[in-house]
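Asker: sequence plus predicted model, see below.
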Amino acid sequence: MKILLLFLPLFVLGCATTLKDSLDYVSPGMDKADVLEISGNPWLTRRANSRDMWVYRYYEGDQEYHRQLTFEDGKIIAIGPAQKHPGEKEQLIKADSMKEYENAAKKQQAGYEKGFKDLDKAADDD
């Protein structure tokens, strides 16, 4: 009976067919190795203020979603909600001009780069 209880979570996770479903099994206090085993590699990672942020990206139909996990000392301290993310198709539909689309793309890229340090530039400053 104890062996059955030990393998039950693995069986349940094996039935989780999507990344969205696997993220539902992630909880505060889990370490990075557990998260990697359950949900695989994150789409995007960054580090700021001694915390690691992992962003997972998944789709439901044509809609893109992002979900952020925040780690401190290797353990999850926060799990963000699933956030709808406008895809390129939606941005093109909403943009009145190519310039407007390019500006939206630059703003999106700046958001991804927030918290990152340009190592090439830092080396030049030394």
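Answerer: Okay, I see it. It should be emphasised that the depicted structure is a prediction, and the values quoted were computed from it without experimental measurement.
Asker: now do the same for the helix ranked longest in the chain: mean pLDDT, whole number.
Answerer: Using DSSP state H, we find that the single longest helix of the chain is helix 98-113. Averaged across helix 98-113, the pLDDT comes to 75.
Asker: ok, now stretch 43-54?
Answerer: Mean predicted confidence for stretch 43-54 is 95.
Asker: what about it, start to end distance?
Answerer: One end of stretch 43-54 sits 7 Å from the other (CA to CA, to the nearest Å).
Asker: what comes up buried for that stretch?
Answerer: Neighbour-count burial for stretch 43-54, with 16 or more other CB atoms under 10 Å as criterion, is recorded at R46, D52, M53, W54. No exception for glycine: its C-beta is placed from N, CA and C like everyone else's.
Asker: equivalent analysis for stretch 18-34, please.
Answerer: L19, K20, S22, L23, V26, M30.
Asker: list the contacts of the fifth one.
Answerer: With CB atoms under 8 Å, 6 or more residues apart in numbering as the criterion, the residues that contact V26 are D34, V35, I38, S39, L69, I76, I79.
Asker: Provide the secondary structure category for the fifth one.
Answerer: Right, the one you point to is L69. Under the three-state scheme (DSSP: H, G, I helix; E, B strand; the rest coil), L69 adopts strand.
Asker: contacting residues for it?
Answerer: L69 neighbours (CB under 8 Å, 6+ apart): V26, V35, P42, M53, W54, V55, Y56, I76, A78, I79, G80.
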